[in-house]
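>>> Quick one: sequence and predicted model below, then my questions.
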Amino acid sequence: MNLPFLKKKDAVAFDIGSNSIKLVQMNQTKKGWELTKLGIAELPPEAIVDGSIIDSMTVTNTLKDLIKEHGVKVKDAVSSLTGHSVIIKKVSFPAMTEEELADSIQWEAEQYIPFPITDVNIDFQILGADTEGRGQMDVMLVAVKKDVINDYTNVIKEAGLNPVVIDVDSFALENMMEINYPVSPGENIAMVNIGASITSISVILGGLTIFTRSIPMGGNQFTEEIQRQLNVSFKDAEEMKTGKKPEGEAQVSSAVESIAGNLTFEVKRSLDFFLGGSQGSYVNKIYLSGGGSRAAGLKELMQEKTAIPVEVVNPFKNVEADSRHFDKEKLKDSAPFFGVAVGLATRRFADR
């Protein structure tokens, strides 16, 4: 029986990053997920800085161009945020119902938020009662600055779309992992999403994100270091970074290794901090995503320094992509860029 209120509306996903905007649209079929639209468009430097939109007109026009180029007809859009305007913390509150917490979240959360409470939108997820019987419960608290949300929803509206959800990158990646790399019971993983200027680190325990941290490092640092050491253009440095241009291999390796070492140190420090405060916890595997994850030798170095197996994710692993419309090799090559966008594209909404 098809009840109207159970009908789900399709949406198009946009991962609006500091270097590019990624577009993904998918259908949910009886067999699973099917890719219907895929696109990427570069943004000029300084259009978005540390997750904040600086040049809204350029971002809006880039969105419009992507929509036109790929013939997007759906109006509902999903996007996400990352960076220092997003606060995600696992905290303990007195045990109460979800309704009671919803009523009191503003003042319960105030002590954990480094911004005026009136300046943020707050959401939460109850993770469960504590195991020590102290009458407490663990809660994942999410706070995002209202002005940043408004900046993103405004550019989406200006592009002629209806922004139905603004998510958080780490939760979108959790959704992407769910359809491509289902976590076994008792398995704990770390996601390291290396964007152009921000790397987000999250730990997923039993399918739930319970720790996140953002660091102001990303793929651009690799490229800029290659540029500096080899005196080449940004474009050439990008291709050298991923091994597409073999010139100056030894110098490229040296440049990548110095930045990879810094990034790996921050990842290890974050995981050590999490493990130090979570008695009995462990991480089985690290998954890399984002354009920066393609840096030559990064995966191997991180695996060596953390002593944890490392794998670069393929967000299309369990997604059907018709070979008449999508080149399999191009899809595989660009896959690391689309982790967040694929996770966002799994969102569906009741047609109320």
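Nice, thanks for sending it over.
>>> Just the element for residue 341, please.
Using DSSP states H and E, the element containing residue 341 is helix 339-345.
>>> Let me know the average pLDDT across that helix.
For helix 339-345, mean pLDDT is 95.
>>> Just list what it packs against, helices and strands only.
Under the contact definition 3 or more CB pairs under 8 Å, 6 or more residues apart in numbering; DSSP states H and E, helix 339-345 sits against strand 12-16, strand 20-28, strand 76-81, helix 169-180. (Each C-beta comes from the backbone N, C-alpha and C, glycine too.)
>>> Residue 121 touches residue 148, doesn't it?
No. Residue 121 is not in contact with residue 148 according to CB atoms under 8 Å; the separation is 9.6 Å.
>>> Who has more neighbours out of those two?
Neighbours per residue (other CB atoms under 10 Å) separate residue 121 from residue 148, with residue 148 holding more: 21 against 13.
>>> Next up, the contacts around the residue nearest to the more buried one when sequence neighbours are not counted.
Spatially, and ignoring its direct neighbours in sequence, residue 148 is nearest to residue 85 (4.2 Å; CB to CB, 6 or more residues apart in numbering). Counting by CB atoms under 8 Å, 6 or more residues apart in numbering, residue 85 touches 51-52, 144-145, 148.
>>> any idea which of these is closest to residue 298?
Residue 298 lies nearest to residue 51 out of the contacts of residue 85, by CB to CB, at 22.5 Å.
>>> how much space between residue 174 and residue 188?
In this structure, residue 174 and residue 188 are 13 Å apart, going by CB to CB, to the nearest Å.
>>> now do residue 273
Where residue 188 is concerned, residue 273 sits at a distance of 15 Å (CB to CB).
>>> And those two? Which one has more around it.
The neighbour count for residue 273 versus residue 188, taken as other CB under 10 Å, is higher for residue 188 (18 against 13).
>>> So what's the residue count around the nearest residue in space to the more buried one that is not next to it in sequence?
Using CB to CB, 6+ apart and skipping residues adjacent in sequence, the residue nearest residue 188 is residue 205, 4.9 Å away. A count of neighbours around residue 205, defined by other CB under 10 Å, yields 19.
>>> ok, now residue 46?
Residue 46 has 10 nearby residues by other CB under 10 Å.
>>> residue contacts, it?
For residue 46, the contact set (CB under 8 Å, 6+ apart) comprises 54-55.
>>> per-residue pLDDT, it?
Looking at residue 46, its pLDDT is 87.
>>> and the most centrally placed residue in the chain, how far is that from residue 15?
The residue lying closest to the centre of the chain (CA atoms, centre = their mean) is residue 169, at 3.1 Å. From residue 169 over to residue 15 the distance is 8 Å, taken as CB to CB.
>>> Could you tell me which residues touch both of the two?
Residues touching both residue 169 and residue 15 (CB under 8 Å, 6+ apart): 80, 340.
>>> Mind listing the residues bridging to the closest residue to residue 95 other than its chain neighbours?
Leaving aside its sequence neighbours, residue 95 sits nearest to residue 137 (CB to CB, 6+ apart; 4.8 Å). Beta bridges link residue 137 to residue 93, residue 129, judged by DSSP bridges.
>>> where does residue 137 land on pLDDT?
With respect to pLDDT, residue 137 scores 86.
>>> Let me know whether it touches residue 90 as I believe.
No. Counting by CB under 8 Å, residue 137 sits too far from residue 90 to count as a contact (11.1 Å).
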